[in-house]
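Enquirer: coords please:
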Amino acid sequence: MRTNRFAITLMICLAAPGLSFAATKKGANKRVLPDCDKVLADGSGLSTQENEFLFSIQKTAMTAESLGFAVGADTVLGDFYAQRKGKEFNADLMRLKELSRKQSMGGLMGHDFHEANAVLGSALTEQKLTKDAYDVLICRIGAMADTSTNAYSMYVTTYLKGLEEKQAGMQGQVGYFDVTVNDCTLSKSIDTGNRFTTVQPDADARYLTVNATFKNTDNEGRLPFEGSLFITKDGKDYKFDTTESVMSEGYGIRLRSLNPFIKLTTKIVYKVPNELSGDVYWKPGRNAEDKKLWCTRLPAA
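Expert: Numbering: from 1, shown residues only. The predicted structure is shown next:
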């Protein structure tokens, strides 16, 4: 899914029209990256006010750029990636891009990208940058692409660590089963490929599908249960314990007991209202420890 242009585009228009865009042969606009070997990226050539402003937006800019790059937005970092084609690129950035392909992770990353991008756009509306300050910011963004750790790539590493902690929270021992959330996906309908079993759209709701794997770790056959979905908004949990009956192979559990060490991968569908957005957790059934597995970030409808 393509997302909105990065706020740096706004900065370009405000600070120095024409400075960073050059017409291509096809008439399209393209950013022109500065020669960072000639830019004092430490800010030693800037005024105190300029350095203070760049420092105030640094985390937001690096977050917006790295996440925008990961989810496929039009970013300056993407331009550096194209420029360095065939050369080594920050492995943590590539890992973020890989994780974004899972809708569960991509939903969270897209949310964080849009939030950071909006804050950055607001800041750049109020503060115009000189060409020198612009070049410094662009080259700091470019430094995130380096394979060596630096003051800018650490933002990527820190975010990735938090994301991997979320991923670790998508698996756990629940009762007799080792349960893994493979992905959580959002859709307006459930297309099974069969018009008799397809679940039609609901104007007031969406469908959240938990793709999960149950592995029986007990020494006899055990029956898994679908469990409940929890959406956390404004500090309050909303519980959904009724699943949709999708009469198609690969959906639901339908009283299928699993023998020892046998796995079942299935899709469990919940209808969620358009009014809700926020973090989503899934609590598998037969769960004496009340363990919840992280699912995704539900966006506003």
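
Enquirer: beta partners for the residue nearest to residue 256 when sequence neighbours are not counted?
Expert: Distance criterion CB to CB, 6 or more residues apart in numbering; nearest residue to residue 256, sequence neighbours excluded, is residue 264 at 6.6 Å. C-beta coordinates here come from the backbone N, C-alpha and C atoms, glycine included. Note on residue 264: beta-bridge partners by DSSP bridges are residue 214.

Enquirer: List the residues that contact residue 91.
Expert: Counting by CB atoms under 8 Å, 6 or more residues apart in numbering, residue 91 makes contact with residue 147.

Enquirer: quick one: it from residue 33, how far?
Expert: Distance from residue 91 to residue 33, counting by CB to CB, to the nearest Å: 22 Å.

Enquirer: Same question for residue 78.
Expert: 11 Å.

Enquirer: try residue 273
Expert: Residue 273 sits 45 Å away from residue 33, going by CB to CB.

Enquirer: swap in residue 240?
Expert: According to CB to CB, residue 240 and residue 33 sit 48 Å apart.

Enquirer: Residue 288 now?
Expert: Remark: distance between residue 288 and residue 33 (CB to CB) = 57 Å.

Enquirer: who's more crowded, those two?
Expert: Ranked by neighbour count (other CB atoms under 10 Å), residue 288 and residue 33 place residue 33 first, with 17 against 7.

Enquirer: pLDDT score for the more buried one?
Expert: Note on residue 33: pLDDT of 93.

Enquirer: Surely residue 223 touches residue 258?
Expert: Yes. Assessed by CB atoms under 8 Å, residue 223 is found in contact with residue 258 at 7.5 Å.

Enquirer: more crowded one of these two?
Expert: A count of neighbours by other CB under 10 Å puts residue 258 above the other of residue 223 and residue 258, at 19 against 15.
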